[in-house]
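A.B. asks: Could you look at this predicted model? Sequence included:
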Amino acid sequence: MREHVNDPYVQRAKAEGWRSRAAFKLMEIDDRDRLLRPGMVVVDLGAAPGGWSQVAAKRVGGGRVLALDLLEMVPLAGVEFFQGDFREDAVLAELTLRLGGRPVELVISDMAPNISGIAISDQARSMHLAELALEFAVRHLKLGGNFLVKTFEGAGSAAFRKTMNAAFEKVVVRKPKSSRDRSNEVYLIGMGCRPQ
């Protein structure tokens, strides 16, 4: 708890009005890789408390940000949020319906499971969420669209990268400065969705 309270990114997020320290991760990645552009359609999976949605809404002015999470999220200007479990077919169907057939230019996923403390189980659940996010991205991204996903290095991560390599023209790995050093989280960007 002390580490969280004293974290410079947590303090900066509070001072600058961002929903979470995660906002800085997306800003840093986007400043480097130019994923967010005005007018685009973005889907944010695992959005609560809204740090990534907040950044996306600011950077796609005139576009559309559709956000989903299992947890409640306080409304944000420029973000259409709905609550539901991404692992359920009915929730996926609702998300698809809300897109109204419009192709998505960017899918972002900062989803992570509730940590149980059992490393092998936590890693498996984390990879499962990443795989579901990839399936959604491949199904809904327009040709040439991009996908940003949080993963954790460990069992299944090499196989997941291989799957991403097949789905995108290029896959890059990012570890933002705002990601804690001791964390084994990395962000993968799939650039240029291939025809499926």
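C.D. replies: Sure, I can see it. Just so you know, these numbers come straight off a predicted model, no measurement behind them.

A.B. asks: which helices and strands does the lengthiest helix in the chain pack with?
C.D. replies: Criterion DSSP state H: the longest helix present in the chain is helix 119-140. Judged by 3 or more CB pairs under 8 Å, 6 or more residues apart in numbering; DSSP states H and E, helix 119-140 is in contact with strand 41-45, helix 89-99, strand 104-109, strand 141-152, helix 157-167, strand 185-193. Placement of C-beta: from N, CA and C, glycine included.

A.B. asks: what separates that helix from the chain centre, distance-wise?
C.D. replies: 11 Å (CA atoms, centre = their mean, to the nearest Å).

A.B. asks: What are the buried residues along it?
C.D. replies: By 16 or more other CB atoms under 10 Å, the buried positions in helix 119-140 come out as 122-123, 125-127, 129-134, 136-138, 140.

A.B. asks: just to revisit the earlier point, want to throw the helices and strands packed on helix 119-140 into JSON lines with mean neighbour count?
C.D. replies: Putting the helices and strands packed on helix 119-140 into JSON lines (neighbours: other CB atoms under 10 Å) gives the following:
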{"stretch": "strand 41-45", "mean neighbour count": "25"}
{"stretch": "helix 89-99", "mean neighbour count": "13"}
{"stretch": "strand 104-109", "mean neighbour count": "26"}
{"stretch": "strand 141-152", "mean neighbour count": "21"}
{"stretch": "helix 157-167", "mean neighbour count": "15"}
{"stretch": "strand 185-193", "mean neighbour count": "20"}
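
A.B. asks: Can I get the ones you listed in TSV including mean pLDDT and distance to residue 82?
C.D. replies: Listed next are these as TSV, based on pLDDT from 0 to 100; distance: least, CB to CB, whole Å:
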stretch	mean pLDDT	distance to residue 82
strand 41-45	98	11
helix 89-99	93	7
strand 104-109	98	15
strand 141-152	96	20
helix 157-167	96	26
strand 185-193	96	24
